[in-house]
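Trainee: Turn this into a model:
(one chain, ligands or ions: 2)
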Amino acid sequence: MTEQLAVAVLGATGRMGAEAVKAIDAAPDLDLVAALGREDSLDTLVAAGAQCIVDLSVPDATFENVAFAVERGIHAVVGTTGWDEGRLERLTSLLADHPATGVLIAPNFALGSVLASAFAARAARYFESVEIVELHHPDKVDAPSGTAVRTAALIAQARQKAGVPASPDATSAERAGARGADVDGVRVHSVRLRGLVAHQEVLLGGVGEQLTIRHDSYHRESFMPGILLGVRTVSSRPGLTVGLDGYLELEA
Ligand SMILES: NC(=O)C1=CN([C@@H]2O[C@H](COP(=O)(O)OP(=O)(O)OC[C@H]3O[C@@H](n4cnc5c(N)ncnc54)[C@H](OP(=O)(O)O)[C@@H]3O)[C@@H](O)[C@H]2O)C=CC1
Ligand SMILES: O=C(O)C1=N[C@H](C(=O)O)C[C@H](O)C1
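Mentor: Residues are numbered from 1 along each chain as shown. Ligands and ions are numbered 1, 2, ... in the order given. Below you'll find the predicted structure:
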């Protein structure tokens, strides 16, 4: 039998963490060696011999968690939000000192969501207007969602490359927030509603037509195949990868 990969989950008692613990526990090629909560020392990772962490904690803790792992040559698969440009830059320079270590930061582990963002980026150059509506459960602490921020960045990149001007908008009088957040020039609207899990619509408007690209996660199980793919792949991808699409062959 091939050796199992030793994996630790951080944020293990949370909504995502608890689901990830189950998925890793059930995977025959993975060995769940630690499941850490807020109060647990990161030194446990070393004592447990973790080869890879899965961080599903909170935006305030994720950088420290990942930096601790990288400094010890432990690979990291990260689903937690809060990775702005500053944090990514700091992580990149840390990784330069640990060139054999891999980190995957995936704003969304659901395959359908990754595809929806890629499709939206592909379509964005052909439409005059584009806006994003993300809809989540009301216990989510951050807005806009990490997925929406990533989708907006991909759309903005595609439109800039194709020389598409900004979406038209005549708004000159606005109650604060009514037009959502401006993320790389794309308006993002955040809905928080009991009963929801994780959903997103990209609205693309042209003269006399609209294309809507929608993805729905109805259960956190939807994120588990992506997490397992990340854990199984990260050690063979040293350095920083942002987005699960980096591990997928998305071109038709
Ligand atoms: N990439 C993806 O596909 C997905 C990403 N997410 C993201 O994952 C993150 C977690 O989401 P969710 O599970 O819903 O949130 P929860 O609030 O349910 O879980 C977060 C957990 O992290 C724990 N925690 C807080 N501080 C630390 C710390 N320093 N070290 C370890 N654990 C800590 C919390 O403990 P305590 O309860 O004691 O505070 C809590 O159990 C969010 O950023 C969310 O946006 C969510 C879904 C999918
Ligand atoms: O907090 C959540 O629930 C989710 N967070 C991630 C995000 O902010 O995009 C991924 C998914 O949308 C669920």
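Trainee: For the rest of this, base every contact and every neighbour count on C-alpha atoms.
Mentor: Noted.
Trainee: Could you report the distance from the spatially most central residue of the chain to residue 179?
Mentor: For the chain, residue 107 is the residue whose C-alpha lies nearest the centre (CA atoms, centre = their mean; 0.7 Å). As for residue 107, its distance to residue 179 is 23 Å (criterion: CA to CA, to the nearest Å).
Trainee: Over to residue 64?
Mentor: Counting by CA to CA, the gap from residue 64 to residue 179 is 34 Å.
Trainee: go on, residue 101?
Mentor: Looking at residue 101 against residue 179, where the rule is CA to CA, the gap reads 41 Å.
Trainee: Look at the two and report which has more neighbours.
Mentor: residue 101 (24 against 14; other CA atoms under 10 Å).
Trainee: mind listing the strands for the stretch 1-150 of the chain?
Mentor: 5-10, 30-36, 52-55, 75-78, 102-105, 129-136 (DSSP state E, counting those that start in this stretch).
Trainee: packing partners for the longest one?
Mentor: Translated: strand 129-136. Secondary-structure packing of strand 129-136 (3 or more CA pairs under 8 Å, 6 or more residues apart in numbering; DSSP states H and E): helix 146-162, strand 186-192, strand 198-206.
Trainee: So for the residue nearest to the centre of the chain, what's the pLDDT?
Mentor: Note for residue 107: predicted pLDDT of 98.
Trainee: any idea how far ligand 2 is from it?
Mentor: 5 Å (CA to the nearest ligand atom, to the nearest Å).
Trainee: likewise residue 214?
Mentor: 12 Å.
Trainee: how big is the angle separating the helix or strand where that residue lies from strand 129-136?
Mentor: Using DSSP states H and E, residue 214 sits within strand 209-217. When axes from the mean of the first three to the mean of the last three CA atoms, to 10 degrees is applied, the directions of strand 209-217 and strand 129-136 differ by 20 degrees.
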